[in-house]
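> attaching a predicted model along with its sequence, questions to come.
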Amino acid sequence: MGTLVTGTAATYVEELHINTEKRYEIVCITRDVERVVAQSGIVDGLVLVNPMHITASCYVNDLEYGLHHDIMTWLEKLAPFYGSSGREGEEYHHHRTGEDNGDAHLKRQLLGQQVTMPVRNGRLHLGTWEQIHYAEFDGQRNKRILVKVVGVMGE
């Protein structure tokens, strides 16, 4: 049987700022999201984590660096980089706009845009190994991550 939580409905929004050292990088942001959830005062609801950029992704998986490597290797096989030092004769049509990040847009589509996670008792309600990650595919510049908590306030 389920649990009914009643109270005042509320939303809380905060933006995280990130600037990765590398063009491609995965960063665990679970602690940052946990901090925002705690600050929100919301005890039961959902938290949305959105990278706010079309060349980045937020996703949920294990915090294991071998897996980070495997994810990036898999994405590179499916959407390889064809920048200025890329393979001759191969290029994304997106590059005709003057950009060199066609692969970054595709990698984001493959890994997903954003995540929505449950909040219970004022905390993220994660599975045993679940962690929230930010994946960057066109980094080395300032980016924003939107964290929006929606739910019922504590007393």
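Looks like it arrived, so ask away. Quantities reported herein were computed from a predicted structural model and do not represent experimental measurements.
> ranges for the strands of the chain?
Per DSSP state E, the chain carries strands over the ranges 9-18, 25-28, 42-50, 56-61, 115-120, 123-124, 131-136, 143-153.
> make a markdown table out of those and add distance to T3 and mean neighbour count.
(Each C-beta comes from the backbone N, C-alpha and C, glycine too.) Formatted as a markdown table, these follow (distance: least, CB to CB, whole Å; neighbours: other CB atoms under 10 Å):
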| stretch | distance to T3 | mean neighbour count |
| --- | --- | --- |
| strand 9-18 | 17 | 14 |
| strand 25-28 | 29 | 18 |
| strand 42-50 | 8 | 20 |
| strand 56-61 | 23 | 22 |
| strand 115-120 | 9 | 17 |
| strand 123-124 | 15 | 16 |
| strand 131-136 | 24 | 23 |
| strand 143-153 | 12 | 19 |
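> nearest to M72, of these?
Distance to M72, taken as CB to CB, is lowest for strand 25-28 among the strands of the chain, at 7.0 Å.
> contacts for the closest one, please.
18, 20, 63, 68, 71-72, 131-136, 139 (CB atoms under 8 Å, 6 or more residues apart in numbering).
> try 10 Å
Here strand 25-28 makes contact (CB atoms under 10 Å, 6 or more residues apart in numbering) with 18, 20-21, 56-57, 59, 61, 63, 65, 67-69, 71-72, 111, 131-137, 139-140, 145.
> give me the distance from that strand to the chain's centre.
Between the centre of strand 25-28 and the centre of its chain there are 9 Å (CA atoms, centre = their mean, to the nearest Å).
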